[in-house]
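Asker: Any chance you could fold what I've pasted below:
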Amino acid sequence: QVQLEESGGGLVQAGGSLRLSCAASGRTFSSAIMGWFRQAPGKESEFVAAITWIGGIAYYADSVKGRFTISRDYAKNTLYLQTNSLKPEDTAVYYCAAKRNSGSFNPPYDYWGQGTQVTVSS
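Answerer: Residues are numbered from 1 along each chain as shown. Modelled structure (predicted):
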């Protein structure tokens, strides 16, 4: 079993930045894809970004490309999402997710964190 715990959310003004973290523990696997999803009130879950744990190949949703950066730290077993130039429409609960590397960034993902709230005020 893999446990994922997000942190780093908060309230920020439009144009500001936050760095989200996701600490992985338990039964981790080297060949994995880890990603970030978000869900705003009344909306469906939306893919944000994902990265291969080995090789660091990243993939982004068009809505965040150029503003968000996904990265990982091997030594700390931690995934990050640096969010810059935040907009009110980025307001959502952000979830960390992981799966074995199937060659695709698309869902489904097998493991999920509890989420961290990001609120961007205008």
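Asker: For the protein, which segments are assigned as strands?
Answerer: Taking DSSP state E as the criterion, the chain carries its strands at 2-7, 10-13, 18-26, 32-39, 46-52, 58-60, 68-73, 78-83, 92-100, 111-112, 116-121.
Asker: strands paired with the third one, and their directions?
Answerer: Put plainly, it is strand 18-26. Counting by DSSP bridges, the strands paired with strand 18-26 are strand 2-7 (antiparallel), strand 78-83 (antiparallel).
Asker: Now the last one - C-alpha only, CSV.
Answerer: This file holds the C-alpha atoms of strand 78-83, laid out as CSV (Å, rounded to 0.1, in the frame of the first residue of the first chain):
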residue,chain,number,x,y,z
THR,A,78,8.3,13.7,-2.4
LEU,A,79,6.5,15.1,-5.4
TYR,A,80,6.1,18.9,-5.9
LEU,A,81,3.9,21.2,-7.8
GLN,A,82,5.2,24.8,-8.1
THR,A,83,2.2,27.0,-9.0
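Asker: Average pLDDT for it, rounded please.
Answerer: The average pLDDT for strand 78-83 rounds to 97.
Asker: Now it: buried residues?
Answerer: By 16 or more other C-beta atoms under 10 Å, the buried positions in strand 78-83 come out as T78, L79, Y80, L81, T83. To be clear about C-beta, it is placed using only N, CA and C from the backbone, and glycine gets the same treatment.
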